[in-house]
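> sequence first, then the predicted structure:
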Amino acid sequence: MPAPQEFLSFVDTNANAFIKRLAEAVAIPSISGDATHRADVVKMGEWLNTHLKAVGVSTQLVDLGKHTMDGEELNLPPAILGRIGDDKSKKTVLIYGHFDVQPANKSDGWNTDPFTLTIDESTGQLIGRGSSDDKGPVLGWLNVLQYHHQQRKALPVNLRFCFEGMEESGSEGLDDLVERESKPGGWFDGVDCVCISDNYWLNTRTPVLTYGLRGLTYLKVTVHGPGRDLHSGVFGRTVYEPMTDLIAIMSKLVDSQGNILIPGVDEMVCAADEEEREIYESLDYSYKDIESAAGGPVALTTDKVDLLMGRMRYPSLSLHGIEGAFSGVGAKTVIPAKVSGKFSIRLVPPQTPEIVDPLVISYIESEFAKLNTKNTLTIENLHGGKPWVADHTHWNFEAAKRATKAVYGQDPDLTREGGSIPVTLTFAESLKVNVLLLPMGRGDDGAHSTNEKLDRSNFIEGTKLLGTYLYELADIQGKK
Ligand SMILES: C[C@H](N)C(=O)N[C@@H](Cc1c[nH]cn1)C(=O)O
Ligand SMILES: [Zn+2]
Ligand SMILES: [Zn+2]
């Protein structure tokens, strides 16, 4: 059953109202990684809950308990469970998304206020934190629901929803909820497949369906030294300096070509054979796509297959920052007393945080011992998640492929995503059903970066894609 023309026209007619609603969502700075914004994450969840109920979804806010962040005990933002439809003759689809965002400050290099959705009329870009990751896609589902509710049209499938406010900070508390609700009688009982719209096309031209995600382990290495910050003129060359030790350690984790220097980590992943390289060769991609998305001529190689495998099928280690170091304007002559280096490793099968962390910790400890310093070292895991790979020949993918062809007039590329969505594997394992990633945004959206945007056409055609996918699912031969 193709999506009704009336639905597609409704989306076009209401495009401006949908953008206005996206602006409301972007205006709530729901930054999960910043304790001072925890109330905003809760507010964003309440906003979404209200809008879901307004389009006919029965919802429940679920308390996920507490957690500790930067030494402070905080309430986790409630997750939202939703349901609409209970027709036994229809398939039941679980939709996941997140309403938290990454931090953003104008001073990071944004051209506009990150929490004011700015419409660039010349490019059609909707610029603002969360526009692409993941408020745009989440609101895409609201747009689809609004048509069915307002026009009193039955949905072609039953829907279940799971929205969280901690995805950007390790999805704390969510695995337990998903496992509990996947049991007989639980909220997700009877789910036939899962759809997540929370990643990106590879480029700016070709829609994709995604069948893999990298996992993640995020670590914080702290070097503790003197009892307080010191004057470098008074103490320079007389004490062991924490920053010097930390930089020595951080410089031994990865080289400038991206090779991970921790013994055993890169080696854990087998090399691709010629047949596998051909899969990457067939994707619509070039080093120019990565350079234009990155905003500079910085690709590690011009070999497209090596670039794609670097993003999708091999692990990567990135250095993110140093807490406690002097980073303000001016030239403060300080020796920081305690500094923490933060880095993460994107993991691919068979790697998991449990397997990789011990290798990392013992390597850092042995490198630290070689420094012969009197400073001390601690290592913490801030959060993590396992990698995930799905069967892309499943009817769930076939429905999404037909929907893509119908909306965009072209077949999607099949990709693995370099980013992580920790709960994906939990859905796959707890529900034992196929999970599909159906992204809305483009490869140059700048998720997590400055000037994050979602193209107007991706928001509007992406809404059509999500709705059309539900109609194709209803039609396709599969379970039910
Ligand atoms: C792919 C998804 N939209 C995303 O951005 N996931 C994050 C998850 C995360 C983990 N730590 C912080 N955020 C990512 O891949 O970085
Ligand atoms: Zn993100
Ligand atoms: Zn996301």
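Great, that's in hand. Every value quoted in this text rests on a predicted model; they were computed, and no experiment measured them. Ligands and ions are numbered 1, 2, ... in the order given.

> for whichever helix in the chain runs longest, list the C-alpha coordinates in CSV.
Longest helix in the chain by number of residues, with DSSP state H as the criterion: helix 456-475. The C-alpha trace of helix 456-475 is given here as CSV (Å, rounded to 0.1, in the frame of the first residue of the first chain):
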residue,chain,number,x,y,z
ARG,A,456,14.6,21.9,5.0
SER,A,457,14.2,19.4,2.2
ASN,A,458,15.6,16.6,4.4
PHE,A,459,13.1,17.5,7.2
ILE,A,460,10.1,17.6,4.9
GLU,A,461,11.1,14.7,2.5
GLY,A,462,12.4,12.9,5.6
THR,A,463,9.0,13.2,7.2
LYS,A,464,7.4,11.7,4.0
LEU,A,465,10.0,8.9,4.1
LEU,A,466,9.2,8.0,7.7
GLY,A,467,5.4,7.9,6.9
THR,A,468,5.9,6.1,3.6
TYR,A,469,8.1,3.5,5.4
LEU,A,470,5.1,2.7,7.7
TYR,A,471,2.9,2.1,4.7
GLU,A,472,5.5,-0.1,3.0
LEU,A,473,5.9,-2.1,6.2
ALA,A,474,2.2,-2.7,6.3
ASP,A,475,2.3,-4.0,2.8
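
> tell me which residues in that helix are buried?
For helix 456-475, the buried set under the neighbour-count rule, 16 or more other CB atoms under 10 Å, comprises 456, 458-474. Glycine gets a C-beta too; all of them are placed from N, C-alpha and C.

> what strand or helix carries the residue of the chain most remote from its centre?
In the chain, counting by CA atoms, centre = their mean, Val234 sits farthest out from the average C-alpha position, at 46.0 Å. Element membership of Val234 [criterion: DSSP states H and E] is helix 232-235.

> run through the strands of the stretch 251-400 of the chain in chain order.
Secondary structure of the stretch 251-400 of the chain (DSSP state E, counting those that start in this stretch): strands at 316-323, 334-335, 338-347, 376-385, 388-389.

> of the ones you listed, which is nearest ligand 3?
Judged by CB to the ion, the one of these that comes nearest to ligand 3 is strand 376-385, at 12.2 Å.

> what's the angle between the closest one and strand 338-347?
30 degrees (axes from the mean of the first three to the mean of the last three CA atoms, to 10 degrees).

> assign a three-state SS to the residue in the stretch 151-300 of the chain that ligand 3 sits nearest to, would you?
Proximity of the stretch 151-300 of the chain to ligand 3 (CB to the ion) peaks at Asp198, 4.2 Å away. Look at Asp198: counting by DSSP: H, G, I helix; E, B strand; the rest coil, its state is coil.

> contacting residues around the residue nearest to it when sequence neighbours are not counted?
Nearest in space to Asp198, with sequence neighbours left out and distances taken as CB to CB, 6 or more residues apart in numbering, is Asp134 at 4.6 Å. Residues near Asp134 by CB atoms under 8 Å, 6 or more residues apart in numbering: Gly97, His98, Phe99, Val101, Glu167, Ser197, Asp198.

> Glu274 now?
Contacts of Glu274 (CB under 8 Å, 6+ apart): none.

> got it, and Val254?
Contacts of Val254 by CB under 8 Å, 6+ apart are Ile260, Leu261, Leu317, Ser318, Leu319.

> cool, and Leu319?
Leu319 makes contacts with Met250, Leu253, Val254, Gly341, Lys342, Phe343, as judged by CB under 8 Å, 6+ apart.

> the same query, at a cut-off of 10 Å, please.
Leu319 makes contact with Met250, Ser251, Leu253, Val254, Gly341, Lys342, Phe343, Ser344, according to CB atoms under 10 Å, 6 or more residues apart in numbering.

> which two of these have the greatest separation?
Ser251 and Ser344 (16.6 Å; CB to CB).

> which one's more surrounded, the two?
Ser344 (19 against 12; other CB atoms under 10 Å).

> surely the more buried one and Leu216 touch.
Yes: Ser344 lies in contact with Leu216 (CB atoms under 10 Å); the separation is 5.7 Å.

> tell me, how many residues neighbour whatever residue of the chain ends up closest to ligand 1?
Per CB to the nearest ligand atom, Gly419 is where the chain lies closest to ligand 1, at 3.2 Å. Burial of Gly419 is recorded as 16 neighbouring residues (other CB under 10 Å).

> next: the one 10 residues further on.
Residues near Glu429, counting by other CB under 10 Å, number 15.

> what does this protein put close to ligand 1?
Contacts of the chain with ligand 1, taken as CB under 6 Å from any ligand atom, map to 133-134, 167-168, 170, 198-199, 216, 218, 419-421, 447.

> who are the packing partners of the helix holding Val234?
strand 334-335 (3 or more CB pairs under 10 Å, 6 or more residues apart in numbering; DSSP states H and E).

> list the neighbouring strands of the strand it packs on plus their orientation.
Strand 334-335 sits in its sheet next to strand 230-231 (antiparallel), going by DSSP bridges.

> state the mean pLDDT of the partner strand.
Strand 230-231 carries an average pLDDT of 98.

> how far out from the middle of the chain is it?
Using CA atoms, centre = their mean, to the nearest Å, the mean C-alpha position of strand 230-231 is found 40 Å from that of the whole chain.

> the strand or helix carrying Ile80 pairs with which strands?
If you go by DSSP H and E, Ile80 is part of strand 79-84. Its sheet considered, strand 79-84 pairs with strand 58-62 (antiparallel), strand 158-164 (antiparallel) by DSSP bridges.

> which element follows it toward the C-terminus?
Counting by DSSP H and E, the element after strand 79-84 in chain order, helix or strand, is strand 92-98.

> go through that next one and flag the buried ones.
Neighbour-count burial for strand 92-98 flags Thr92, Val93, Leu94, Ile95, Tyr96, Gly97, His98 (criterion: 16+ other CB under 10 Å).

> my read: Leu382 touches Ser169, true?
Yes: judged on CB under 10 Å, Leu382 makes contact with Ser169 at a distance of 8.5 Å.

> quick check: which of the strands of the stretch 251-400 of the chain is nearest to Pro156?
It's strand 388-389; of the strands of the stretch 251-400 of the chain, that one is closest to Pro156 (CB to CB) at 26.9 Å.

> so what touches that closest one?
211-215, 313, 348-349, 416-417, 420-429, 435, 437.

> before we move on, the earlier item: now the strand holding Ile80 against strand 92-98, angle please.
Using the same axes, to 10 degrees, strand 79-84 lies at 150 degrees relative to strand 92-98.

> still on that earlier bit, for Lys88, which of the strands paired with strand 79-84 is the nearest?
That would be strand 158-164 among the strands paired with strand 79-84, by CB to CB, at 8.8 Å.

> what does the stretch 51-200 of the chain have sitting close to ligand 3?
Counting by CB under 5 Å from the ion, the residues of the stretch 51-200 of the chain close to ligand 3 are Asp133, Asp134, Asp198.

> what's the burial count for the first one?
Okay, so that is Asp133. Neighbours of Asp133 (other CB under 10 Å): 27.
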